[in-house]
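Participant: Dropping a prediction and its sequence here:
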Amino acid sequence: MLIWLFILRSIAAPFLFGTSTIVVLFLVQYIIPRIDDLLSKGLELEIIGEFLLLNMSWILVLAVPVGILFASVMAFGALSANHEVTVYKASGMGLIRMMTPAVIIGALLSIAMLWYTDAVLPDTNHRLATMMTDIGRMRPSFAIEAGQFTTHLDGLTILARDRDTAGTLYGVTIYDRTRVDRLLVVNADTAVLGFTPARNRMMLQLFHGEIHQRSERAPNDYRVITFVRHQMLVGADRFFFEATDATGTSRGDREMNIAEMQAIVDRSTASMNAATSTMDSVTRNFVAMLAGSKDPNTRVDSLTQSEGAAMRARAIHNAYYSAMERAAYQFDSDKRIRQNYEVEIHKKYAIPAACLLFVLLGCPMGIVTKGGNFGVSAAISLGFYVLSWAALIGGEKLADRGHLDPALAMWLGNILLLLIGIALIVRVNFEISVWRLVRGWFARDYGTGATLPDKAVQRT
């Protein structure tokens, strides 16, 4: 028991350090660069703090598996580097018993993360998406995408060919329909959106361009005005921050829990079954019509045989082909919906399960590599995490496109981690490679007389 407590203490500090490091890296990489944009909107510190806290929710889900992997590698690497693993083995303690406290921690983390991703993360993701919509409404340049028309400002349609991170727009074309008696088309090299000093109106500053003005009442009245700097004022009532009630807004797949997504999967499956039944019925009727067992209610008595056949073919097409097309489209649409939600369901299980699998992988990996220092532990953890994440993202893309089953796509990375972990556990516990162990079993089963080395005795 004292040894287990010592191992737990060896894991605790690296776990907290590794998890905190990943959280900070994600904040620096993705979140902190947006703080300047949020401050420029005049948001209160309380709103910015909530923005950071909501982003911490999804970052934590990604950081915890890396933290437990880093802790396992570092703790058991230190035990191996200090020859404590040798002492434990000499006293009769095998790798499995040494790993037991770490495995318990990994299992508890997996359970906790499963609850978190199902009960907490969907709500925080939904609240974050709602907040981003509210913030984007405050200043349209935050939501303007390069190369796309934007209608956030009442009466104005804006096209920006490019924009930078500060919100400056380049290659701007504005269609002004705020007055019914005239149309203004404004072209400018650059433009900046902001508030007036009183923050009661939006101010659009344009630089180096021209204004094309045409009267709706007098089409021949057409004017072109060039400018170095031009300013347009627009009402800003809708651009002040006002928190939307998130309870009444629709949710995406990453903003639902497992039960809600499973209900959509069940409805899609039922709809697919109904579409399949419809296609089967249409096919049977189609075959029966071709065989002449049903009357298409078309009179062909006074027509020639060829004309009657042509009319019968048109009747079959009009009566049944459209039904088949609708059923097939409904089937494909429901299948895509079911696949997308099944991917998210399995992802909610696969990511928490990685906590336990990383323990099974990290403990023997630390012993083999003697990765007791920070550099080695960090490199090993990062490598296996990138491998796992690449398998998860790649599997998600393949499953969304229908190339791979959703369950296999989401669990493929975990299966790979499990196989590597088992191979390492066998390597450390039996002191023999998996390849030699399999070869020994094969030789024994087929009577070649080969035997395993004497030291390949399982320690428990």
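Facilitator: Perfect, thanks for sending it. Please read these numbers as outputs of a predicted model, since none were measured by experiment.

Participant: what mean pLDDT would you report for the host helix or strand of residue 379?
Facilitator: Using DSSP states H and E, residue 379 maps to helix 374-400. The pLDDT scores in helix 374-400 average 83.

Participant: who does it touch, helix- and strand-wise?
Facilitator: helix 2-26, helix 45-81, helix 322-369, helix 406-430 (3 or more Cβ pairs under 8 Å, 6 or more residues apart in numbering; DSSP states H and E). From N, CA and C alone the C-beta is placed, and that goes for glycine too.

Participant: so which of those helices comes closest to residue 234?
Facilitator: Among these, the nearest to residue 234 by Cβ to Cβ is helix 45-81 (23.5 Å).

Participant: Just the buried residues of the closest one, please?
Facilitator: Buried residues in helix 45-81, counted by 16 or more other Cβ atoms under 10 Å: 47-48, 50-51, 54-55, 57-61, 63-81.

Participant: That one - what's its average pLDDT?
Facilitator: Here helix 45-81 scores 88 as its mean pLDDT.

Participant: Tell me how far that helix lies from the chain's centre.
Facilitator: Distance of helix 45-81 from its chain centroid, counting by Cα atoms, centre = their mean, to the nearest Å, is 18 Å.

Participant: relative to helix 2-26, how tilted is that helix?
Facilitator: 140 degrees (axes from the mean of the first three to the mean of the last three Cα atoms, to 10 degrees).

Participant: just use 56 as the starting number from now, easier for me
Facilitator: With 56 as the first residue, the last one maps to helix 100-136.

Participant: Helix 100-136 packs against which elements?
Facilitator: Judged by 3+ Cβ pairs under 8 Å, 6+ apart, the packing partners of helix 100-136 are helix 57-81, helix 90-94, helix 139-145, helix 150-170, helix 176-193, helix 377-424, helix 429-455.

Participant: Buried ones in the first one, by neighbour count?
Facilitator: Okay, so that is helix 57-81. Going by 16+ other Cβ under 10 Å, helix 57-81 has these buried residues: 58, 62, 65, 66, 69, 70, 73, 74, 76, 77, 78, 81.

Participant: My read is that the last one contacts residue 121, right?
Facilitator: So the one you mean is residue 81. No: look at residue 81 against residue 121 with Cβ atoms under 8 Å: they stay out of range, at 10.4 Å.

Participant: follow-up on the earlier one: please tabulate the helices and strands packed on helix 429-455 in CSV, including the columns distance to residue 230.
Facilitator: CSV is the format used below for the helices and strands packed on helix 429-455 (distance: least, Cβ to Cβ, whole Å):
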stretch, distance to residue 230
helix 57-81, 40
helix 100-136, 33
helix 377-424, 35
helix 461-485, 44
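
Participant: so which of the helices and strands packed on helix 100-136 gets nearest residue 285?
Facilitator: Across the helices and strands packed on helix 100-136, residue 285 has its closest neighbour in helix 176-193 (23.3 Å, Cβ to Cβ).

Participant: Give me the next element, helix or strand, following that closest one.
Facilitator: Later in the chain than helix 176-193, the nearest helix or strand by DSSP H and E is strand 204-205.

Participant: That following strand: how far from the chain's middle?
Facilitator: Counting by Cα atoms, centre = their mean, strand 204-205 comes out at 26 Å from the chain centroid.

Participant: got the phi/psi numbers for residue 216?
Facilitator: With angles defined as degrees, to the nearest 10, residue 216 sits at phi -70, psi -30.

Participant: That one contacts residue 201, doesn't it?
Facilitator: Yes: in this structure, residue 216 is within contact of residue 201 by Cβ under 8 Å, at 6.4 Å.

Participant: how's this protein carved up into domains?
Facilitator: Dividing the chain into domains by automatic domain parsing, as the record does, gives the ranges 57-191+401-486, 199-294, 306-398.

Participant: which one of those has the most crowded surroundings?
Facilitator: domain 57-191+401-486 (a mean of 18; mean count of other Cβ atoms under 10 Å).

Participant: and the end-to-end length of that domain?
Facilitator: Domain 57-191+401-486 has its terminal residues 26 Å apart, counting by Cα to Cα, to the nearest Å.

Participant: Run the chain-centre distance for that domain.
Facilitator: Centre-to-centre, domain 57-191+401-486 and its host chain are 17 Å apart (Cα atoms, centre = their mean).

Participant: and the helices and strands packed on helix 100-136, which one's lowest on average pLDDT?
Facilitator: helix 90-94 (a mean of 68).

Participant: mind listing the helices for the stretch 256-405 of the chain?
Facilitator: Here the stretch 256-405 of the chain has its helices, by DSSP state H, counting those that start in this stretch, at 313-346, 360-371, 377-424.

Participant: average pLDDT for the second one?
Facilitator: Along helix 360-371, the predicted local confidence has a mean pLDDT of 60.

Participant: go on, the first one?
Facilitator: Looking at helix 313-346 alone, the average pLDDT works out to 84.

Participant: what packs against that helix?
Facilitator: Going by 3+ Cβ pairs under 8 Å, 6+ apart, helix 313-346 lies up against helix 360-371, helix 377-424.

Participant: That one to helix 461-485, inter-axis angle?
Facilitator: In terms of direction (the same axes, to 10 degrees), helix 313-346 departs from helix 461-485 by 130 degrees.
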